[in-house]
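>>> Whatever this is, show me its structure:
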Amino acid sequence: MPAVEIRSLARSFDALRALDGIDLDLHAGEVLGLLGPNGAGKSTLVRTLTGRVRPDAGTIRLLGEDADAPGARRALGYVPQEIALYPLLTARENLALFGRFQGLEGAALREAVARGIAFSSLTDRANEPIEPFSGGMKRRLNLAAGILHRPRIVLLDEPTVGVDPQSRERIYAMIGELAAGGAAVLYTTHYMEEAERLCDRVAVIDHGRVIAVGTRDELVRATIGSDQELVVDVAAPFPSALETSLTALGARLAGQRLQLATAEPAAATARVLDLCARHGASVTNLRLESPTLQRVFLHLTGRELRE
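Numbering: from 1, shown residues only. Predicted structure coming up:
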């Protein structure tokens with residue numbers, strides 16, 4: 001049974017169809033990346049899961065229960081992109097306040113606060129007001145505040161925005177700890193390298209629909225059709241006849257660089273080098289790369305700006 005089961009979820013705002021029949025599952029112990037261009041529907045989906053937005057149609061089940069059943073959403077922990085902390089309170093006081101919001105009290109609250117301080121690596125600063133804390137420290141505390149009640153489902157909305165590399169690494173470790181403990185984690189991000197590193201599966205959403213879901217390798221095979229990409233840089237000028245021949249092979253050209261997805265890299269390399277030699281083009285660099293998630297994402301959603 002999925003920890004989160006979404007079926008035919010729809011939501012419109014006037015003429016805008018923000019969610020258009022979303023089907024998606026999230027499993028215990030899994031980090032599922034939610035990717036999409038600006039305006040694709042990611043934020044609306046997360047807000048609908050938290051109950052802040054009511055769907056027009058469709059169902060959400062949390063741990064097998066209807067999301068609207070009494071107490072069902074207590075299984076959720078939500079960490080928003082915005083820092084939702086009180087700057088004049090200490091780290092410990094912030095966690096205690098959020099713990100009370102989550103229904104904790106007495107010994108359970110004290111234990112949760114101590115656990116949150118350790119989880120966010122703020123033991124030495126626990127009794128200081130957080131206003132002068134760095135962005136990374138606040139992000140770590142923000143994450144800890146959202147999960148004090150040990151939720152079995154965690155929704156993370158861009159949790160590493162504006163943090164230094166050290167804090168980013170710590171947040172990655174925190175997310176790994178959550179999943180290792182059995183939590184089902186939904187992770188929204190615009191950073192493709194994060195999704196590749198952290199997520200067991202990725203769901204790509206665009207125009208209110210899930211247009212692809214799977215592991216990185218599954219998405220590569222389904223979109224680009226190969227696990228290898230030949231990248232070749234050619235010295236200027238780039239002969240037009242060579243461009244025609246390479247395009248016929250399925251290569252993408254950008255300036256002096258060509259990229260060709262291939263399941264047979266040795267044969268593809270020989271073919272490209274032969275074509276370059278025939279047309280008098282000088283190869284300045286040649287390498288094989290694994291296709292990135294960013295390449296898959298652009299293949300699925302296009303390269304036009306979304307603002």
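>>> Only C-alpha atoms from now on, for both contacts and neighbour counts.
Will do.
>>> Could you chop the protein up by domain?
4-220, 228-289 (automatic domain parsing).
>>> What is the end-to-end distance of the first one?
Put plainly, it is domain 4-220. Domain 4-220 has an end-to-end distance of 25 Å (criterion: C-alpha to C-alpha, to the nearest Å).
>>> what is the rounded mean pLDDT of stretch 100-117?
Averaging pLDDT along stretch 100-117 yields 97.
>>> Arg115 is in contact with Ala145, correct?
No: applying C-alpha atoms under 8 Å as the test, Ala145 and Arg115 come out as separate, 10.5 Å apart.
>>> who's more crowded, these two?
For Ala145 versus Arg115, the count of surrounding residues by other C-alpha atoms under 10 Å is larger for Ala145: 28 against 16.
>>> Next, the contact list for the nearest residue to the more buried one once chain neighbours are set aside, please.
Spatial nearest neighbour of Ala145, excluding adjacent residues (C-alpha to C-alpha, 6 or more residues apart in numbering): Leu95 at 5.5 Å. By C-alpha atoms under 8 Å, 6 or more residues apart in numbering, the contact set of Leu95 is Val113, Gly116, Ala144, Ala145, Leu148.
>>> Shouldn't Arg110 be within a strand?
No: Arg110 is assigned helix when assessed by DSSP: H, G, I helix; E, B strand; the rest coil, not a strand.
>>> That one: what's it in contact with?
Listed by C-alpha under 8 Å, 6+ apart, the contact partners of Arg110 are Ala96.
>>> before we move on, what about the one 10 residues further on?
For Ser120, the residues meeting the contact criterion (C-alpha under 8 Å, 6+ apart) are Met137, Arg140, Leu141, Leu143, Ala144, Met174.
>>> count of residues packed around the second one?
Per other C-alpha under 10 Å, the neighbour tally for Arg140 reads 25.
>>> is it fair to say Gln259 lies in a strand?
Yes: counting by three-state DSSP, Gln259 is located in a strand.
>>> what's the burial count for it?
The local packing of Gln259 (other C-alpha under 10 Å) involves 19 other residues.
>>> Tell me how far it lies from Ala173.
34 Å.
>>> mind saving the C-alpha coords of the helix or strand where the residue nearest to Ala145 lies as CSV?
Taking DSSP states H and E as the definition, Leu95 sits inside helix 91-101. Taking Å, rounded to 0.1, in the frame of the first residue of the first chain, the C-alpha atoms of helix 91-101 are listed here in CSV:
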residue,chain,number,x,y,z
ALA,A,91,16.3,27.6,18.3
ARG,A,92,15.1,25.6,21.3
GLU,A,93,12.1,27.9,21.8
ASN,A,94,11.1,27.7,18.1
LEU,A,95,11.1,24.0,18.2
ALA,A,96,9.1,23.9,21.4
LEU,A,97,6.5,26.2,19.8
PHE,A,98,6.2,24.1,16.7
GLY,A,99,6.1,20.9,18.8
ARG,A,100,3.1,22.3,20.6
PHE,A,101,1.5,23.2,17.2
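>>> Let me see the ranges of the strands in the chain.
Applying DSSP state E to the chain gives strands spanning 4-13, 16-26, 31-35, 57-62, 65-66, 76-79, 153-157, 184-188, 201-206, 209-214, 228-234, 252-254, 257-262, 283-289.
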